[in-house]
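Asks: Requesting a structural model of the entry that follows:
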Amino acid sequence: MKKQSYISLILFLFFFVLISTTSLLFAQNTKTLNGISVKEISSSKWNTPDGIPYLAGPGVNLGAISFEVLDETRIAYLSNASNEIIIANSADGVALKKFSVSSAPRDFIYDKGIFYVLFGQQVSVYDKNGRIINNIPIPNIYLGVERITRFGNETYLLLPSGNCAKIESAGHAVAPQEFAGWITSTGNFISTKISGGNSYSVQINTADGKNSTKEFTSDKKIAGAYVAGSAKNRIVLDVQTFVSESPIVVERNIVTIELNQGEIGSIISTTKIPDCYYVLSNKDICILPDGDIINMITAPQGIFIFSLAEIKSGSIQDYPAAIREMKYHFNDHLIKAEEK
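Replies: Numbering: from 1, shown residues only. Here you go, the predicted model:
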């Protein structure tokens, strides 16, 4: 009995040391991820007197093509179904105000109480009452661009190439000046590039002249990596990976990356976006100054706005199960010409 007890003690100590050493090594080589907690902050219904217009036609589903968080109590939607900007109360989703814009809007940005709306050939500037106060022509080489942003009293087109072009400054159209990367609300220029089957690189040129590049890998093949925005100490990407290549099926993830005084750090969190797209939206992710990520989901029931915030303790909430499990894509429900 004594010999068996001695052997048992030796085995216990051996496995204790082994487990402790393995845990220590793992801890030394792994960065603790912050949790991302998802919270619904607003919702609006389709086609109600105080909701958001929706229109289905042959080959198109039109609704909220873009959105902006105006302040803590108001969210604005750009509708290509009704050619309007609709300002809704965040608390109950009820439309408080709306005004007409020109036909076929593509994107918009809200800056210092003014709405800058992107169209195929120009950017129209509207005051808070919906009155046009300026028109900025888009150079021919950039016709068809679908994204716009503002920084430092200047207007930029966000190009499909991953670059951006300044077309206006202090209310005056300027000769287009193109920059590498998309400019964000912090003045940083950020670009991404697929560098391998399962890897992508991120480069930043900061407003104060610093430059940093870093490569990241995924357990799935990369379909695309796109800049969503940045905050003081975070870069936010929309990273798309293949679920299947034939037929093509991808999933989107909001990836936040640490940014420390202009140096790109580690991935902090990865959050899967629900595969639910009732209408085609050119902008469905916004980054607030405090770093919170705002995501617009369009579903058959209406529009849902979610806040994604980093938390270091407490319970972590995900998107509602009904949204996560919906699996809706407008391409699968388009009206064919003969069905009208």
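Asks: Not counting residues beside it along the chain, what's closest to residue 305?
Replies: Excluding the flanking residues, the one nearest residue 305 by CB to CB, 6 or more residues apart in numbering is residue 42, at 4.2 Å. From N, CA and C alone the C-beta is placed, and that goes for glycine too.
Asks: tell me the SS of that neighbour?
Replies: strand (DSSP: H, G, I helix; E, B strand; the rest coil).
Asks: For it, give me its contacts.
Replies: 75, 88, 90-91, 93, 304-305 (CB atoms under 8 Å, 6 or more residues apart in numbering).
Asks: which among these end up buried?
Replies: Among the contacts of residue 42, those scoring as buried are 75, 88, 90, 93, 304-305 (criterion: 16 or more other CB atoms under 10 Å).
Asks: hmm, back to that, take the contacts of residue 42 and write them to CSV, including distance to residue 320, pLDDT and secondary structure.
Replies: As requested, the contacts of residue 42 are exported to CSV (distance: CB to CB, whole Å; pLDDT from 0 to 100; DSSP: H, G, I helix; E, B strand; the rest coil):
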residue, distance to residue 320, pLDDT, secondary structure
75, 18, 98, strand
88, 20, 98, strand
90, 18, 98, coil
91, 18, 97, coil
93, 15, 97, coil
304, 8, 98, strand
305, 13, 98, strand
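Asks: Can you tell me which of those is closest to residue 263?
Replies: residue 305 (32.4 Å; CB to CB).
Asks: what is the closest one paired to in the beta sheet?
Replies: residue 42, residue 296 (DSSP bridges).
Asks: Over to residue 177?
Replies: With DSSP bridges as the criterion, residue 177 is bridged to residue 166.
Asks: I'd guessed it sits against residue 166; true?
Replies: Yes - with contact defined as CB atoms under 8 Å, residue 177 counts as touching residue 166 (4.7 Å).
Asks: More neighbours: which of the two?
Replies: residue 166 (18 against 12; other CB atoms under 10 Å).
Asks: May I have the residues that are in contact with that one?
Replies: By CB under 8 Å, 6+ apart, the neighbours of residue 166 are 154-156, 174, 176-179.
Asks: do residue 290 as well
Replies: Counting by CB under 8 Å, 6+ apart, residue 290 has contacts residue 231.
Asks: Helix, strand, or coil at it?
Replies: Following three-state DSSP, the label given to residue 290 is coil.
Asks: Repeat that for residue 136.
Replies: Three-state assignment for residue 136 (three-state DSSP): strand.
Asks: Next one: it from residue 80, what distance?
Replies: Using CB to CB, to the nearest Å, residue 136 is found at 20 Å from residue 80.
Asks: tally of neighbours for the residue lying closest to residue 178 once chain neighbours are set aside?
Replies: Leaving aside its chain neighbours, residue 178 sits nearest to residue 165 (4.7 Å; criterion: CB to CB, 6+ apart). Around residue 165 sit 20 other residues, with neighbours defined as other CB under 10 Å.
Asks: now do the one 4 residues further on
Replies: With neighbours defined by other CB under 10 Å, the count for residue 169 comes to 13.
Asks: Residue 217 too?
Replies: Counted with other CB under 10 Å, residue 217 comes out at 12.
Asks: Just want the most central residue of the protein.
Replies: residue 285 (2.8 Å; CA atoms, centre = their mean).
Asks: Just confirm residue 304 contacts residue 41, I think it does.
Replies: No - look at residue 304 against residue 41 with CB under 8 Å: they stay out of range, at 9.1 Å.
Asks: doesn't residue 138 make contact with the residue nearest to residue 178?
Replies: No - contact between residue 165 and residue 138 fails when scored by CB under 8 Å: they sit 9.2 Å apart.
Asks: Need the overlap of contacts for those two.
Replies: With CB under 8 Å, 6+ apart as the test, residue 165 and residue 138 both reach residue 157.
Asks: Please name the strands paired to the helix or strand harbouring residue 108 in the sheet, noting orientation.
Replies: Following DSSP states H and E, one finds residue 108 within strand 107-111. Using DSSP bridges, the strands paired with strand 107-111 are strand 114-118 (antiparallel).
Asks: what's the next secondary structure element after the strand it pairs with?
Replies: strand 122-126.
Asks: lowest average confidence, helix or strand, in the protein?
Replies: helix 2-28 (a mean of 41; mean pLDDT, DSSP states H and E).
Asks: Name the nearest of the contacts of residue 166 relative to residue 204.
Replies: Checking these against residue 204 with CB to CB, the nearest one is residue 179 at 12.4 Å.
Asks: my guess is the closest one meets residue 161, correct?
Replies: No - contact criterion CB under 8 Å: residue 179 and residue 161 do not qualify, at 11.2 Å.
Asks: Have a look at these two and say which one is more surrounded.
Replies: Neighbours around residue 179 and residue 161, counted as other CB under 10 Å, are more numerous at residue 179. The numbers are 15 against 11.
Asks: hang on, the earlier thing: now name the helix or strand holding the closest residue to the residue nearest to the centre of the chain other than its chain neighbours.
Replies: Excluding the flanking residues, the one nearest residue 285 by CB to CB, 6+ apart is residue 228, at 4.6 Å. Applying DSSP H and E as the criterion places residue 228 in strand 222-231.
Asks: and the helix or strand following that strand, what other elements does it pack with?
Replies: For strand 222-231, the following helix or strand on the C-terminal side (DSSP H and E) is strand 234-245. Where contact means 3 or more CB pairs under 8 Å, 6 or more residues apart in numbering; DSSP states H and E, strand 234-245 is packed against strand 199-205, strand 222-231, strand 248-260, strand 263-272, strand 285-287.
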